[in-house]
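Participant: need a structure here:
(chains A, B and C)
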Amino acid sequence: MPELPEVETIRRGLNRDLRGRKIIGLWTDWPKYFSAITSGKLQKGEATFRRHVLGKEITGVTRRAKNILIHLEEKSGGEHLLLVHQKMSGHLMIGKWQRANRKLLQELEEKWQNQKWIPAAPKGPLADPKNRFIRVVFFLDNGEMLALSDLRRFAKLVCGPKKLVLNLPELKKLGLEPLERAFTYKKFREALDRKRGRVKLVLLDQTRISGVGNIYADEILWFSKIHPLRRIEFLKDIEKKTLYRAIKFILKRGLRYRGTSIDDYRDARGRRGKYDLVRYAYQREGEPCRRCGVKIRRIKIAGRSAHFCPACQTLRHRMS
DNA sequence: ACAATATCCTGCGAGC
DNA sequence: TGCTCGCAGGATATTG
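Facilitator: Take a look at the predicted model:
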């Protein structure tokens, strides 16, 4: 579900509200989510993961592509990272659970674990009907909880020493961060060098430019007036420049509107994003193009929907 | 090297 | 109402 603007919006919320908090409990109904790395080996399952996170303090929350990185306890002992990828339907949210002392929380946690109790907070962000699929709960020392709602159970959580986590292939292989200063036109061209294939799939390829997903890929291409089936290797220089500018413009715009809440996306405190109100192409099939009025079309590319304006976004490069 | 497909899951809305 | 089908924001593994 979340792409760069959504993940970054969530990250900012988490960074503001989680810094200084200690993780004092963990509940889940889906142990498959978890893995932990120790001495380079990836251990699947909840047990080792639990040992890595319990009792640690959160020192900050950063982001790499669509991954959220929760930094744990850098002062005493080595810094650990808790990597969360929310995939299609995951949402990290903070909800007030209750004020209670540590002992009581531990007792409750054991109880819930045994009874497979599913926490359903009656108030606050977790009461959102779209985000009631709570699969993981981190209990915090201030009576709040960091919860993962994830209907489809695709999310992924890994914990381990900072260096080992940063060396995971899913982080190592990632391409340029499009909103960083280092994302220059020169770097963009280098990343595209010798890359071939349909431009839409290139935008979705996280090893070139990271953070763009299906929504913003369609938005970027609409804004660039480039047809999603065009081949990257045949784009003219001027089109590549347009594409480069559009990537930055659209992602910033998405971030400014705090993400897209067509469906169930909410920020860490349960607030909707508003980009869907101003979107150009994504899931606007049959609606008029905001430039020319022609109806937006939908096609399938590699099994995923692509929305575009058949008049503005032509398959042939237009001189003009 | 590339492209298309299957896979991990669950819920929802459309259409019959 | 009740069923089946298609669809969903991601990434990886597999197959051709």
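Participant: Next up, the contacts around the residue of chain A found nearest DNA strand B.
Facilitator: When scored by Cβ to the nearest atom of the strand, chain A has A:G197 as its residue closest to DNA strand B, at 2.7 Å. For the C-beta atoms, the positions are set from N, CA and C on the backbone; glycine is no exception. For A:G197, the contact set (Cβ atoms under 8 Å, 6 or more residues apart in numbering) comprises A:231-233.
Participant: Stretch A:215-222 vs DNA strand B: in contact?
Facilitator: No - figure legend: stretch A:215-222 not in contact with DNA strand B (Cβ under 7 Å from any atom of the strand); closest approach 14.5 Å.
Participant: What mean pLDDT does that stretch get?
Facilitator: Mean pLDDT, stretch A:215-222: 98.
Participant: and what of stretch A:188-195?
Facilitator: The pLDDT scores in stretch A:188-195 average 94.
Participant: With respect to A:K186, which of the contacts of A:G197 is nearest?
Facilitator: A:I232 (16.8 Å; Cβ to Cβ).
Participant: tally of neighbours for that closest one?
Facilitator: By the criterion of other Cβ atoms under 10 Å, A:I232 has 21 neighbours.
Participant: for it, phi and psi?
Facilitator: When read as degrees, to the nearest 10, the backbone of A:I232 gives phi -60, psi -40.
Participant: the helices in chain A, which residues?
Facilitator: With DSSP state H as the criterion, chain A has helices at A:4-18, A:46-53, A:102-115, A:162-166, A:169-172, A:185-192, A:199-204, A:214-224, A:237-256.
Participant: Just to check, A:I296 is in contact with A:A306?
Facilitator: No - assessed by Cβ atoms under 8 Å, A:I296 is found out of contact with A:A306, at 10.6 Å.
Participant: For the stretch 101-250 of chain A, which residue gets nearest to DNA strand C?
Facilitator: Of the residues in the stretch 101-250 of chain A, the one nearest DNA strand C is A:G213, at a distance of 2.0 Å by Cβ to the nearest atom of the strand.
Participant: Contacts only, for A:I23.
Facilitator: Here A:I23 is in contact with A:53-58, A:72, A:138-141, A:146 (Cβ under 8 Å, 6+ apart).
Participant: Looking at those residues, which gets the smallest pLDDT?
Facilitator: Least confident by pLDDT among these: that is A:D141, with 85.
Participant: among the helices and strands of chain A, which has the poorest mean pLDDT?
Facilitator: helix A:102-115 (a mean of 52; mean pLDDT, DSSP states H and E).
Participant: Ends of stretch A:229-247, what's the gap?
Facilitator: Stretch A:229-247 has an end-to-end distance of 17 Å (Cα to Cα, to the nearest Å).
Participant: about what we covered before: which of the contacts of A:G197 are close to DNA strand B?
Facilitator: The subset of those within reach of DNA strand B, counting by Cβ under 7 Å from any atom of the strand, consists of A:R231.
Participant: Low-confidence ranges, the stretch 101-250 of chain A, go.
Facilitator: Regions of the stretch 101-250 of chain A meeting the criterion pLDDT under 70 cover residues A:101-127, A:129-130.
Participant: of all the residues in it, which ones are close to DNA strand B?
Facilitator: Residues of the stretch 101-250 of chain A found near DNA strand B (Cβ under 7 Å from any atom of the strand) are A:133, A:151-154, A:194-198, A:201, A:231.
Participant: again, only using 6 Å
Facilitator: A:151-154, A:195-198, A:201 (Cβ under 6 Å from any atom of the strand).
Participant: isn't A:I37 right up against A:V158?
Facilitator: Yes - using Cβ under 8 Å, A:I37 makes contact with A:V158 at a distance of 6.7 Å.
Participant: Mutual contacts of those two, please.
Facilitator: With Cβ under 8 Å, 6+ apart as the test, A:I37 and A:V158 both reach A:165, A:168.
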